[in-house]
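Student: I'd like to go over a predicted model; first the sequence, then the structure.
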Amino acid sequence: DFTIDPLTHILPLLYLKNDPEMMVSIARTFKALKTTLGELKNYYSEFQVTQHIDNLNLQRPASFPYPSSFKMDDNSNIKFIYKDQLCDGKLIFRVQGQNGEFKDKWMVVKFTQKYCKEVHKFCEKKEIAPELFAFNNLSGSWKMIVMEYLSDNKYINLYSLLKEKRENQKDLQQKAIDAAKLLHSGNYVHGDLRASNIMISIDMKHIKIIDFDWSGKVDHAIYPHFVSKILPWHPDVDCEKPIAKEHDLYLLKKSIESNPF
């Protein structure tokens, strides 16, 4: 089991006298590579295989990211082990805590380069988002978000629910709209508020919004550089343009009324 990812973006090895920042970036990259290769050489020169490679008990397969712990606001360190990847192609994992108050607790760990902690916490206080346990900054602008795991025996994705119980569509739509308006009451927007980002409790009494990557304050939150063209967006939605409350409601209603996305 192994993972291959590029270490850097593509760097032009040219003398760019009019782009000093690029030149510095190239120099830093080669410096980092030189240091890393030296450390790897030292590590493997002293490395000894104590048992046959087929029998090694790897605690973290190569398909899982390197972090195996997170820091709380009180600076306490909580260790965890990866169990599985919740979404193919997305850096979202189910983990189990190993110490402290989180021992044996199931959680979700998400890795992303953009995430609005402020909106998530606001929604958590309104009881329309999973509990947020930790928000840690990693190197390279990456962020690690640790949150409550909404287990399959307690919550179901609205996308899946609509396909199973279409007769409840009107009631489910209103519950989702009410949650969206509660989010908007803080002068926030979500940006990707479709059926697949809504979780409904099995008893149909509670709703949780997830995926706050694009969220933020009204007039400050903007859409990313690339936006999928297959979703039923509001006509005014465009790449790198401000996210509006009406965009959220439009996408939510369309994704529920039509075949859910």
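Tutor: Looks like it arrived, so ask away.

Student: any idea how far K181 is from E164?
Tutor: Noted for K181: a distance of 26 Å to E164, by CB to CB, to the nearest Å. The way it works is simple: take the backbone N, C-alpha and C, and place the C-beta from them, glycine included.

Student: Have a look at these two and say which one is more surrounded.
Tutor: Higher neighbour count among K181 and E164: K181, with 12 against 8, using other CB atoms under 10 Å.

Student: Within the helices and strands, which one has that one?
Tutor: In the assignment (DSSP states H and E), K181 maps to helix 169-184.

Student: Distance from the helix or strand just after that helix to the middle of the chain?
Tutor: Per DSSP H and E, the first helix or strand lying C-terminal to helix 169-184 is strand 188-189. In this view, strand 188-189 has its centroid 18 Å away from the chain centroid, taken as CA atoms, centre = their mean, to the nearest Å.

Student: buried residues in the following helix or strand past strand 188-189?
Tutor: Downstream of strand 188-189, the first helix or strand assigned by DSSP H and E is strand 198-201. Across strand 198-201, burial judged by 16 or more other CB atoms under 10 Å covers 198-200.

Student: For strand 198-201, which outside residues touch it?
Tutor: 130, 150, 154-159, 161, 172, 175-176, 179, 206-210, 252 (CB atoms under 8 Å, 6 or more residues apart in numbering).

Student: Return the subset of these lying in strands.
Tutor: Using DSSP state E, the subset of those located in strands is 155-157, 207-209.

Student: Which members of these are classed as buried?
Tutor: With burial judged by 16+ other CB under 10 Å, the buried subset of the ones in strands among the contacts of strand 198-201 is 155-157, 207-209.

Student: now for those residues, which pair is the farthest apart?
Tutor: Greatest spacing in these, by CB to CB: I156 and I209 (14.5 Å).

Student: can you pull out the strands in the protein?
Tutor: Secondary structure of the chain (DSSP E): strands located at 69-71, 77-85, 92-97, 106-112, 132-137, 143-148, 155-157, 188-189, 198-201, 207-209, 216-217.
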